[in-house]
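> Quick one: sequence and predicted model below, then my questions.
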Amino acid sequence: MSTSTPPQKTLSRIAANRLQKELSEWQINPPAGFKHKVTDNLQRWIIEVHGAPGTLYSGELYQLQVDFPENYPMEAPQVIFIQSPPLHPHIYSNGHICLDILYDSWSPAMTVSSICISILSMLSSATQKARPPDNDRYVRNCRNGRSPKETRWWFHDDKV
């Protein structure tokens, strides 16, 4: 799986200040089950996700890549699983995540921590480990590095 993304513009001053603040808060009080892997790139965070105890993903470890747009938090970051994405009905084999807060329901009040908590909640509520029914077609259509933000998602499953 490639972790390349289209070239991004430099973060605005507002975005950089907001991310510095979020990173400082994260270092003091990280969300349970997550660890930020320290890099020198404020615009791309790599986050370790530990499956919650008592769930299908208990004891499993995954990685999220969070890429921030120049006008964050007015625009949602791009969040994908890298390396081996979990088997989940809302996570495609290319790492793209079908979760409304990453797209249509994004709010500038949300933070990286709130995104992580939502993703862990989505994983924890799964009743089976399976790819989305349209995984192969979707992944085929995403060749050449298409961003999940270019997808017109249809959010219809409120069970997971």
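It's in. Numbers count the residues shown, from 1 in each chain.
> Give me the neighbour count for the residue lying closest to T10 once chain neighbours are set aside.
If the residues on either side of it in the chain are set aside, T10 comes closest to E70, at 6.4 Å by C-beta to C-beta, 6 or more residues apart in numbering. Heads up, the C-betas are built off the backbone N, CA and C, glycines and all. When neighbours are counted by other C-beta atoms under 10 Å, E70 registers 15.
> I14 is in contact with E70, correct?
No. Counting by C-beta atoms under 8 Å, E70 stays clear of I14, with 9.7 Å between them.
> how near is the residue nearest to T10 to S105?
21 Å (C-beta to C-beta, to the nearest Å).
> Check W26 too.
The gap separating W26 from S105 is 22 Å, by C-beta to C-beta.
> and if you look at R13?
In this view, R13 and S105 are 26 Å apart by C-beta to C-beta.
> So the two - more neighbours on which side?
S105 (12 against 8).
> and the more buried one, that's in a helix?
No. Counting by DSSP: H, G, I helix; E, B strand; the rest coil, S105 falls outside a helix, being coil.
> pLDDT score for it?
Looking at S105, its pLDDT stands at 92.
> same thing with V139?
V139 is assigned 85 on the pLDDT scale.
> which SS class is it?
Three-state assignment for V139 (three-state DSSP): helix.
> Please list all residues in contact with the residue lying closest to it once chain neighbours are set aside.
Closest residue to V139 apart from its sequence neighbours, by C-beta to C-beta, 6+ apart: N94 at 4.8 Å. By C-beta atoms under 8 Å, 6 or more residues apart in numbering, the contact list for N94 reads 1, 80, 85, 138-139, 142.
> just for the protein, where's the confidence low?
1-8, 144-160 (pLDDT under 70).
> all strands in it, in order from the N-terminus.
Counting by DSSP state E, the chain has these strands, from start to end: 34-37, 44-50, 61-67, 78-82.
> So which of those is the most surrounded?
strand 78-82 (a mean of 21; mean count of other C-beta atoms under 10 Å).
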